[in-house]
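Asks: Generate a structure from the sequence data that follows.
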Amino acid sequence: MKRTVIIDALKSTAIGELIHVCGWVRSRRGNKNVSFIALNDGSTIKNIQIVADLTKFSEEQLKPITTGACISATGLLVASQGAGQSVEIQLTDFEVFGTADPEKYPLQKKGLSMEFLRTIAHLRPRTNTFGAVFRIRHNMAMAIHTYFHEHGYFYFHTPLITASDCEGAGQMFQVTTKNLHNLKKDENGQIDYSDDFFGRSAALTVSGQLEGELGAMALGKIYTFGPTFRAENSNTPRHLAEFWMIEPEVAFIDKDELMDLEEDFIKYCVRWALDNCMDDLEFLNQFVDKGLIERLRSVIDTEFVRLPYTEGINILQEAVKNGKKFEFPCQWGDDLSSEHERYLVEQHFGKPVIMTDYPRDIKAFYMKINEDGKTVQGTDVLFPQIGEIIGGSVREADFDKLNAEIDRRQIPMKDMWWYLDTRRFGAAPHAGFGLGFERLMLFVTGMQNIRDVIPFPRTPKNAEF
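Replies: All right, here's what the predicted structure looks like:
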């Protein structure tokens, strides 16, 4: 008999007909007359209740059906007698695919900490919380692809292995086939890469932006969506060594149009979650963050504030004068910390903020410099709970200005002639942004730690699973 997925079974109106479902047992309870099995197959946060009449099945037959066991069940679909679901299944036949020893299976019906669940990341998707998170993660990926497809963007695949460091931070994972126990050195004691796979030093990418700009210079507007890597020794709730980035690059737009794109895109993603993930959001709203749904609705119902950095600094300094205490200083020229960003968003304005026109020296070399010579056309979106969720800018399209900034910062660009060629040959005004997918997931799910919105987090000293 063909299997019915549980999300469809719960919506079915075929009362009195046989139905076949498969899944993992969430719990089994009952009395001397009847046993109630809660079954879930991952298609929905909701379980379907299977009722086993103990005049038809012995306790010995049902003994292998414990929490965590995987079974198939066939029975009559009937109107439910209990609260919480409209239908249930009266069991006529079942098969146990895989047992789960109650003494050893760790996901028993008891409170488990997020820290503990990270140690069993191979099993945590079976919990209600992580099932909800990962279904929402799928939906957010679908929202991203749908948005850009509907708006005429092309999905552009940029390399994961690269010889360029987009951010200039140098915190990159090396990729090599060299024998690390016997490294070949040149006469100066430097590692000789001539016998390496690529014949040169290579690393995992920190961003697809630079290659994305090349795509925009031919296709008009593109987006990348893929894994990126930072070898940054950060053990914070907001950092991962491997994470996913969305990076659109668009030709022929200015700063205002870029901010319009940032706001429209992120509202679209949040609206998609509200339209397509409500069962999971209601669960998370009840058990993880009681203000989640209200906060999501507030984002799509409000116009984002557009705030020059200098005005933001003035607001923060005024707050300090009035007794507000920050851990980090906030002088003009400082890179704002998360506490500053969240104060502006959550306390001062009470809505998302797009901060613009940052000091030149705290932003990347490729950002377009304003006429004042001191600031650049950066456009970062700041969100409640998160702080910066999008980092964007207008890119410098003028070859001489870009080259002068590269020289001023003494950035080694000898291997990036290809990037400068986009300014040599048919340079065009263009802009783009980067959105950390897991930062978006934190906001949409209400989870508190970035390790809990990606199936298998990669962090310092942790590469399990």
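
Asks: the helices in the chain, which residues?
Replies: With DSSP state H, the ranges of helices along the chain come out as 6-9, 59-62, 114-119, 128-150, 209-219, 255-276, 278-287, 292-300, 309-321, 338-342, 399-409, 417-424, 437-445.

Asks: Quick one: closest of these to residue 249.
Replies: helix 209-219 (3.9 Å; Cβ to Cβ). (Each C-beta comes from the backbone N, C-alpha and C, glycine too.)

Asks: Quick one: residues contacting residue 274.
Replies: Neighbouring residues of residue 274 by Cβ atoms under 8 Å, 6 or more residues apart in numbering: 281, 293, 296-297, 300.

Asks: Give me the neighbour count for the nearest residue to residue 32 once chain neighbours are set aside.
Replies: Using Cβ to Cβ, 6 or more residues apart in numbering and skipping residues adjacent in sequence, the residue nearest residue 32 is residue 54, 6.8 Å away. Neighbour count of residue 54, defined by other Cβ atoms under 10 Å: 15.

Asks: Could you shift the numbering so residue one becomes 50, and keep it that way?
Replies: Noted, 50 is the first residue going forward, which turns the last one into residue 103.

Asks: do you know how far residue 103 is from residue 194?
Replies: 49 Å (Cβ to Cβ, to the nearest Å).

Asks: Then residue 127?
Replies: 40 Å.

Asks: Repeat that for residue 486.
Replies: 12 Å.

Asks: out of the helices of the chain, which comes closest to residue 421?
Replies: Closest among the helices of the chain, using Cβ to Cβ: helix 358-370, at 10.0 Å.

Asks: Give me the buried positions along that closest one.
Replies: Within helix 358-370, the residues that count as buried by 16 or more other Cβ atoms under 10 Å are 358, 361-362, 365, 368.

Asks: Quick one: distance of it to the chain centre.
Replies: 31 Å (Cα atoms, centre = their mean, to the nearest Å).

Asks: avg pLDDT for that helix?
Replies: Taken as a whole, helix 358-370 has a mean pLDDT of 96.

Asks: Please apply the same query to stretch 179-190.
Replies: Per-residue scores along stretch 179-190 average to 98.

Asks: Export only the CA atoms of stretch 301-314, formatted as PDB.
Replies: Extracted in PDB, the C-alpha atoms of stretch 301-314 (Å, rounded to 0.1, in the frame of the first residue of the first chain):
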ATOM      1  CA  PHE A 301      23.600  50.100 -12.800                       C
ATOM      2  CA  ILE A 302      22.100  50.800  -9.300                       C
ATOM      3  CA  ASP A 303      23.000  53.400  -6.800                       C
ATOM      4  CA  LYS A 304      23.000  53.500  -3.000                       C
ATOM      5  CA  ASP A 305      19.300  54.300  -2.600                       C
ATOM      6  CA  GLU A 306      18.300  51.500  -5.000                       C
ATOM      7  CA  LEU A 307      20.600  49.100  -3.100                       C
ATOM      8  CA  MET A 308      18.900  49.900   0.200                       C
ATOM      9  CA  ASP A 309      15.500  49.400  -1.500                       C
ATOM     10  CA  LEU A 310      16.700  46.000  -2.600                       C
ATOM     11  CA  GLU A 311      18.000  45.000   0.900                       C
ATOM     12  CA  GLU A 312      14.800  46.000   2.500                       C
ATOM     13  CA  ASP A 313      12.500  44.400   0.000                       C
ATOM     14  CA  PHE A 314      14.500  41.100  -0.100                       C
END
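
Asks: Run through who's touching that stretch.
Replies: 196, 269, 297, 299, 352-353, 355, 401, 403, 405, 426, 428, 430, 439, 441-443, 477-482, 484.

Asks: For it, buried residues please.
Replies: 302, 304, 307-308, 310-312, 314.

Asks: Show me which of the contacts of stretch 301-314 are buried.
Replies: For the contacts of stretch 301-314, buried by 16+ other Cβ under 10 Å: 196, 269, 297, 299, 353, 401, 403, 405, 426, 428, 430, 439, 441-443, 479-482, 484.

Asks: Could you double-check that residue 353 lies in contact with residue 429?
Replies: No: counting by Cβ atoms under 8 Å, residue 353 stays clear of residue 429, with 11.4 Å between them.

Asks: If you tally nearby residues, what's the number for residue 286?
Replies: 12.

Asks: related to what we said a few turns ago, by neighbours, which of the contacts of residue 323 wins?
Replies: Ranked by neighbours (other Cβ under 10 Å), those are led by residue 330, which has 23 neighbours.

Asks: How much space separates that residue from residue 498?
Replies: In terms of Cβ to Cβ, residue 330 sits 18 Å off from residue 498.

Asks: Including pLDDT, could the contacts of residue 323 go into CSV?
Replies: CSV is the format used below for the contacts of residue 323 (pLDDT from 0 to 100):
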residue, pLDDT
330, 98
342, 97
345, 96
346, 96
349, 94
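
Asks: mind putting these in CSV, distance to residue 91 included?
Replies: Shown next, in CSV, are those (distance: Cβ to Cβ, whole Å):
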residue, distance to residue 91
330, 17
342, 23
345, 23
346, 27
349, 28
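
Asks: mind checking pLDDT for residue 281?
Replies: Reported pLDDT for residue 281: 88.

Asks: Not counting sequence-adjacent ones, nearest residue to it?
Replies: Distance criterion Cβ to Cβ, 6+ apart; nearest residue to residue 281, sequence neighbours excluded, is residue 220 at 4.8 Å.

Asks: Burial check on the one you found, number of neighbours?
Replies: Using other Cβ under 10 Å, residue 220 has 15 neighbouring residues.

Asks: picking that back up, any chance you could list residues touching both of residue 353 and residue 429?
Replies: Listed contacts common to residue 353 and residue 429 are residue 403; contacts here mean Cβ under 8 Å, 6+ apart.

Asks: Appreciated, that's everything.
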